[in-house]
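Student: only geometry, no sequence info:
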């Protein structure tokens, strides 16, 4: 039974770096069949994809984040991590990690999500 | 500003059929399949439809998806109170090299 669990600080000050970890259980993060990603959701707003990573370390990032985001994977711990630098109040959101599945036909989709981690940026 | 446009709200009564639209462009929905997610209050999103019209195991057949041209639709038949949620469409966006989500449609069961 696949489970993803985000963890990390819930409160940051402006200009600090957000660091979150997603622990995957019930599946290997080293599987060649999946990518892993981070998505966030500001309070009352829509979802925003932040970036994705393959077990090999290959990454794609949302260009709108102006290179502030870094995603890494630790296969020995079956974890992926998110770092977002120079945070502001606009980065206040629930941050989700998720597994990205490629179906036989069509574009990939996120088939399993963590429960989310609320991060608030406030001075 | 999302590349996908959804109505902010929709409503229906129990048993009714409701459709939610998602409008894109030739470079998004016109080029790629669409995924739909359901987000119940206070929970993480869950995939309802993938590849425009496919249901994952466990999703009731009351939910169906379709795509035509640069638009897609999610239909919910036999509406139930537990369907009250926010529904998001998503599509691959070449400019992002990743998925773009619509703004979400809040479905209210009256």
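Tutor: Done, it's in. Quantities reported herein were computed from a predicted structural model and do not represent experimental measurements. Residues are numbered from 1 along each chain as shown, chains lettered A, B, ... in the order given.
Student: who's residue A:5 bridged to?
Tutor: With DSSP bridges as the criterion, residue A:5 is bridged to residue A:23.
Student: quick check: it touching residue A:78?
Tutor: No: using Cβ atoms under 8 Å, residue A:5 makes no contact with residue A:78, being 10.9 Å away. For every residue, glycine as well, the C-beta is placed using N, CA and C.
Student: anything in contact with each of those two?
Tutor: A:23, A:25 (Cβ atoms under 8 Å, 6 or more residues apart in numbering or on different chains).
Student: neighbours of whatever residue of chain B ends up closest to chain A, how many?
Tutor: Nearest residue of chain B to chain A, counting by Cβ to the nearest Cβ: residue B:51, 3.1 Å away. Using other Cβ atoms under 10 Å in any protein chain shown, residue B:51 is surrounded by 19 other residues.
Student: same check on the one 3 residues further on?
Tutor: Using other Cβ under 10 Å as the criterion, residue B:54 is surrounded by 18 other residues.
Student: spatially nearest residue to residue B:23, not counting backbone neighbours?
Tutor: Setting aside the residues directly before and after it, residue B:23 is nearest to residue B:5 in space (Cβ to Cβ, 6 or more residues apart in numbering or on different chains), at 4.4 Å.
Student: next up, the contacts around the one you found.
Tutor: B:22-24, B:102-103.
Student: what's the most distant pair in these?
Tutor: Spanning the widest gap among the contacts of residue B:5 are B:24 and B:103, at 12.2 Å by Cβ to Cβ.
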